[in-house]
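In: the sequence isn't on hand, but the structure is:
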Ligand SMILES: Cc1cc2nc3c(=O)[nH]c(=O)nc-3n(C[C@H](O)[C@H](O)[C@H](O)COP(=O)(O)OP(=O)(O)OC[C@H]3O[C@@H](n4cnc5c(N)ncnc54)[C@H](O)[C@@H]3O)c2cc1C
């Protein structure tokens, strides 16, 4: 059972999980910045958590800078707009919640959000392959059919429309942070090239694997409790593959034997579902152990492997109708190196990682949350609201 299913079942059984306090809208809008606006916050990482943090600080008139290691903002919500005629989400693809999350991220009732989302239909076809037998059903698949898919848009397009314009001038790209010194009154951040940035507070939003690998040296060192959970945290690697076919021969979802276990997930799905497009794009989503065999292959080996897998199920149609493909291996991205904290990780891991250190070092991101859920964009944004709220209360 995945964490998402667990949370859903707890809800159905009336088991109460920790609930997000009503964060920001009220808290952030009352400008209750007790320390005054004359402060500067340094944000490390320009994924959804870093961008959201900057956006919320900007709403409060607080100075900030976002320091990003790679040449792009977006982190794991990056998309590709060249492969076909709608954005291909290379990482985050679905909204694993309801539309109210968009309003919470934008945190401004005067903004009308026009992003279009596509629901799945209960009559969508799902293919199952198990013990040598392939079958299709329209019975619905617990979990996935409740996610919302972006229509002619993506998480990245949403952030580019509503969040990035407020923070773009404050993003410093190609600047991997290598140290954070918080022993004095100020926090001093140093990048690989030796450039220093000073702030009153820092919000760290780098992927958990980056902290686990020790890319950033903290002075004083991270607290023992954080080091312990970082050491034991099991983080899934992951990749996505998109394949264009000249004919659609596959169902909305295709799940294979052992494709959804505690150790990972493998899912083929119609990536063009609900899009205003004639392209037939099949997506393959892989995380955890289910990703490992695929990740070892060269680009061409991977293509042949996937086509063979699909040919076996659909009578050779995959090879016959193949047009082109696109691979995104997140485990190989130099400043990501992971998909996300495993579904079966303990909620305690995120809660300990989310705790600020003193009143200077704050954490936001999908792995640093004080709630029962993690590994999603809306969770990363929610943790940013929490970090900024805490800073405003200082
Ligand atoms: C294959 C895959 C599928 C997914 N599917 C979904 C989905 O359908 N729906 C969903 O909601 N979520 C999904 N997610 C998860 C989602 O992408 C993440 O939860 C979200 O991107 C987390 O945002 P973040 O800001 O915490 O981290 P990130 O997006 O990883 O951003 C962190 C940023 O920190 C930067 N950084 C790293 N090291 C340094 C350093 N030393 N100095 C400065 N900057 C640094 C990175 O370059 C990156 O830009 C998926 C993820 C993957 C990999």
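Out: Arrived safely. Because the structure is predicted, anything quoted here is derived from the model rather than measured.
In: can you give me the buried ones in stretch 191-209?
Out: 191, 197, 199-209 (16 or more other C-beta atoms under 10 Å). Glycine gets a C-beta too; all of them are placed from N, C-alpha and C.
In: ok, stretch 281-298 next?
Out: By 16+ other C-beta under 10 Å, the buried positions in stretch 281-298 come out as 281-291, 294-295.
In: quick one: average pLDDT of it?
Out: Across stretch 281-298, pLDDT averages out at 96.
In: what's in contact with it?
Out: 83-84, 88, 93, 236-245, 250, 258-259, 261, 263-272, 302, 305-306, 310, 329, 331-332, 339-340, 342 (C-beta atoms under 8 Å, 6 or more residues apart in numbering).
In: what does stretch 317-333 give?
Out: By C-beta under 8 Å, 6+ apart, stretch 317-333 touches 70, 76, 78, 80, 83, 88, 90-91, 237-247, 249, 280, 291, 295, 299, 302-303, 306-307, 309-311, 336-339.
In: need the residues of the stretch 51-200 of the chain near the ligand, please.
Out: Within reach of the ligand by C-beta under 6 Å from any ligand atom, the stretch 51-200 of the chain has these residues: 67-70, 75-77, 91-94, 96, 176-177.
In: try it again with 5 Å
Out: Contact residues, the stretch 51-200 of the chain versus the ligand (C-beta under 5 Å from any ligand atom): 68-70, 75-76, 91-94, 176-177.
In: do the same with the stretch 251-394 of the chain
Out: 330, 335, 339, 365-366, 376-377, 380.
In: what about those, which are in helices?
Out: Cross-referencing these against helices under DSSP state H gives 377, 380.
In: among the residues of the stretch 51-200 of the chain next to the ligand, who's most crowded?
Out: Taking other C-beta atoms under 10 Å as the neighbour criterion, residue 75 ranks highest of those with 30 neighbours.
In: count of neighbours near the residue lying closest to it once chain neighbours are set aside?
Out: What sits nearest to residue 75 in space, not counting adjacent residues and going by C-beta to C-beta, 6 or more residues apart in numbering, is residue 47, at 2.4 Å. Residue 47: 31 surrounding residues under other C-beta under 10 Å.
In: now residue 47. Its backbone dihedrals?
Out: Dihedral angles of residue 47 (phi, psi; degrees, to the nearest 10) stand at phi -90, psi -170.
In: again, but for residue 308
Out: Torsion angles at residue 308 (phi, psi; degrees, to the nearest 10) stand at phi -60, psi -40.
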